[in-house]
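# Coordinates only, no sequence provided:
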C-alpha cells in the first residue's frame, strides 16, 4: 500500500503536467491567430457557495471554449450579493459599460422585466436565467430575450409531494430562508400546495427564517403538533446553520421528518462531515446527472483545482454541485451562439435565435430548448443522509414516478427505521403542554349524550355524558398520551363542524410579506354529530361508533280490537295452517275411503274432516293404521300452535294495543301537518331539502322535554329524531308515542377532526378496538335501558310467523307425503290385480267352449238351441 500511493500520485501529477503543457501549447497557437469575438456578462452572488461555484464554472467554460475553438470571449462578472436591488443595476452596468452580448445569472423573470423597462437594449439581448423556473412565467412575446436553464419548480414540488404521499403524511410545515426573492418563494409554495393536495396533504404552516431568528422560529415549530418539515429554498450556509440548531434543540430525534429540496441537496457532495453529521436521517431531492462521463471527470478535476486556488479555505470540499454544471452548460451554449453570429450587423438580434436551436451534450445532460426552457426530461434522486454521506433510495421523473416498493430502507432522524407518524399528540410550547381544544355542544337537546354544567363553587365547567365517556374510552386505547380540553360551543352542530375547519389569513407585515398564520378555533369536536356529506367540505370524521337512522315519532292511539285475534299470526302463518290442514285431511280421506264407510267419495266430507281435526272434534273413526300415523304428528302440531295462539292472544289483550296517528311522510304532506326537530341539528334542513317538507311546517324545538308539550298542544303532529335520540325519548315517555313510517339511513355518530388531521386514522383504529371489546355495548345499556314496560320498541312486532314451527311442519308434511305415496302405490297395485283377474276369465271362456265337441252351441239370450244339459250349464255360466 505504501508503494501504490506514491506511484498513483506521480501518475496524476504527470497527467496534470501533460494537460497543462498541451493547453499552454493550444493557448499559444490560438493567441497568435484569433482575436476577442465577444463578451458574456455574469450576475451572481459571489458571497455564497452557489455564486462561487458558478463563477468558477463559467471561467472554466470560457477557457475550454477558447481551447476548443480558438474563439476568445470576455467574462465580466458583477456581484448581486443575493439582492434583486443590486442585480438590476448590475445587469444595466454590463449592458452599457461592458458592451456584453448576453447575460447569465440567477435572474428572475420579474427582474428581467424590470430591467427591460429601463433599457431598450435589454429587450433584445439574450438573458440566460439559472434561477428556479415556475410554470407560469411571462410568455415569449412578453420577454423573448429570457431563456430558462434552471430547475422547474413544478417538478421539484411534485417530487416532494410524491414522497409525502407515499408515507401518508397529511400535514407538512414549509420552511424557507427570508430574503428578497419573494416571487420565487411564493411560486414554490403555490406549486407545493397544489402538488400536496393531489396526495391528500396540506401545508399546515409556513415559516420564513432569517439567520438571527432560527432558534426562535424553531421553538415555535417545536410547540406545534406537526413533525414533517420541508426546507424549500435556502442557501447551503443557512441550511447548515438550521440543522445544527435543530440538532441542539432535539428536533433531529425520533419522530421528526426533514425533507430538503434540490436547492440544498445538490450541495451534499460539497459540505464537510461535521455539517453532514447534523443532518442524519434527512431526505433530499437531488438533481440527477451522469458522473461517469469523461467530460464530467475532466471538468471535476479542473474545478477542484481552480476552486481550491480561489478559495483555499474551502479547498477540502471543492466538489462541483449541479449548479456549477448548469453555469458551465449555459456559458457554453451562449458562447456557441456568439461564435455562430459573428459577422452579423445586429449581433444581439441573431443571438436569441441562435441559442434556441442549440443542441449539444452538456454536463447536466442533453442541452436542447423548447420555447424558452430546456426540453430535456429532468430526473431527481431521492437521497437519505446516513453517516458521513448519503445514499440513493429512488429515482423520480415526471414520466416514471417510483412505485411503493422501489424505496430502499430509510434511516430516519434518531436512528429509527420505522416510518415516523409525522406528528406528535403532546406538543410543548416552552414549559407548557399544549392540549387539543375539543368542542362539545353546549345546547344539545339530549343531555344524556353530552351535558355541560358550570360549577360556580369551583369556577369550573364540567362536561359529562354518554358520548364523552365513549371518547375517553377511545383515547385510552391510543398508543400515546393525548392531552385535550373540552370547550363548550353554543352554536348549531353545523357551526361546530365549521369551527373545526382550518381558517387562514394572510397578514401583510413590514418585515416579511409572507407572514402566514392559521387560526384554529377548535382542533376537534365530540358530540352527537351525524356524519353527513355536506360536512365533509369542512372537516373529516372518524369511524362511526354508533349506527344511526332518521325515524319519525308520532302519537299513538288505541287500536280497533274487533279483529285482534287475526293479528296473533302473520299472514304467512295462517296460509301455512290452512294448506297443511287441507292436505292432511285429503291424505287421511284418501286412505280411509276404500274400507271406511264414514269417508264417502264426496269432497265436502274431506273438507269437513280437515276443519274438525283442528279442534279434535272429528266423529269419523279411523280403521287404517297408516291414517293414524299421518294424524298423530298433526295432533301434536295443532296442540303446540293452539297453545301459542292462546298465549299471544292473552298477552295482546292484556296490554293495550296502540297504532300510530300518522303512518308515513306522505300523510304528513297531505295533511299539511307541522313536524318538530332539534333546533341545532341538521335534521331541520334535511326535512326541507331531502324530504321536501315546507319550511313553515318545520318547527325547531330546544329540548327533549319540550316535545311532549308540543304534541299535547297539537303544535306538531310528528317529531323526527336520529335513532339513538329516539331510543332515549321513547323509554322516557312510555305511553302515547310510537315510531311510524319508513326510516332513512344516515352516516352514524362520529368524532370531528380538521382536514388532514393524522388523528383520524389512530382514533378510528381505537374506536374499532373499543367496539370489538364489548365495552360500547355496556355503556349503551346504561343510557338506553329503561324499566318502562311499553310497546314502543322500534322493531316490535307481536305477530308470529311460521318460522318457530318450521321443524314441526316439515316432519308432519314429510309423513303425510310418504303416506300419500304409499296409498297411491297400493291403489295402483289393486287395480292391476283386478285387470289381471278379468283377463284370466275371458281366456277361460275361449278355451272351455270347443272341448264339448259341438259347433252349434249358441248362447243368445233366451233363444238358444241346446243339445245337452252340459251346454245349457255353460251358457248359464
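Received it, and whenever you're ready, just let me know what you need. Predicted model, so just to flag it, every value in this text is computed and none were measured.

# Got the phi and psi for the residue nearest the centre of the chain?
The residue lying closest to the centre of the chain (C-alpha atoms, centre = their mean) is residue 200, at 7.7 Å. With angles defined as degrees, to the nearest 10, residue 200 sits at phi 60, psi 40.

# Residue 43: helix or strand, and which one exactly?
Element membership of residue 43 [criterion: DSSP states H and E] is strand 36-44.

# cool, and residue 590?
Element membership of residue 590 [criterion: DSSP H and E] is helix 571-592.

# quick one: buried residues of the helix or strand just after that helix?
Next in sequence after helix 571-592, counting helices and strands by DSSP H and E, comes helix 603-612. Neighbour counts over helix 603-612 (16 or more other C-beta atoms under 10 Å) mark 605, 606, 608, 609, 610 as buried. Every C-beta, even on glycine, is put in place using the N, C-alpha and C of the backbone.

# need the strands for the stretch 401-550 of the chain, in chain order.
Per DSSP state E, counting those that start in this stretch, the stretch 401-550 of the chain carries strands over the ranges 427-429, 432-434, 436-441, 451-455, 460-464, 484-489, 503-507, 515-519, 524-525, 540-541, 549-558.

# which one of those has the lowest average pLDDT?
Per-stretch mean pLDDT for these is lowest at strand 515-519 (a mean of 35).

# what's across from the nearest residue to residue 418 once chain neighbours are set aside in the sheet?
Of all residues not flanking residue 418 in the chain, residue 412 sits nearest, at 7.6 Å (C-beta to C-beta, 6 or more residues apart in numbering). Assessed by DSSP bridges, residue 412 has beta-bridge partners residue 416.

# My read is that residue 412 contacts residue 419, right?
Yes - between residue 412 and residue 419 there is a contact at 7.3 Å, judged by C-beta atoms under 8 Å.

# So for these two, which sits in the more crowded spot?
residue 412 (22 against 13; other C-beta atoms under 10 Å).

# Note down every partner strand of the strand holding residue 43 and its orientation.
strand 72-74 (parallel), strand 77-79 (parallel), strand 102-105 (parallel).

# Which one, of the ones you listed, ends up nearest to residue 809?
strand 102-105 (95.4 Å; C-beta to C-beta).

# how far does that closest one sit from the chain's center?
Centroid separation for strand 102-105 versus its chain: 48 Å, with C-alpha atoms, centre = their mean, to the nearest Å.

# go on, stretch 374-393?
For stretch 374-393, the distance to the chain centre is 29 Å (C-alpha atoms, centre = their mean).

# Show me which positions of it end up buried.
Per 16+ other C-beta under 10 Å, stretch 374-393 contains these buried residues: 374, 378, 379, 380, 381, 382, 383, 384, 385, 386, 390, 393.

# between those, which is nearest residue 171?
Among the buried residues of stretch 374-393, and counting by C-beta to C-beta, the member closest to residue 171 is residue 382, at 20.6 Å.

# In three-state terms, label the closest one for me.
The local conformation at residue 382, judged by DSSP: H, G, I helix; E, B strand; the rest coil, is strand.

# got a pLDDT number for it?
The model's pLDDT for residue 382 equals 92.

# tell me the contacts of it?
Shown in contact with residue 382 (C-beta atoms under 8 Å, 6 or more residues apart in numbering): 159, 163, 283-286, 392-396, 402, 407.

# can you give me the helices for the stretch 701-850 of the chain?
706-712, 723-732, 759-772, 775-784, 806-848 (DSSP state H, counting those that start in this stretch).
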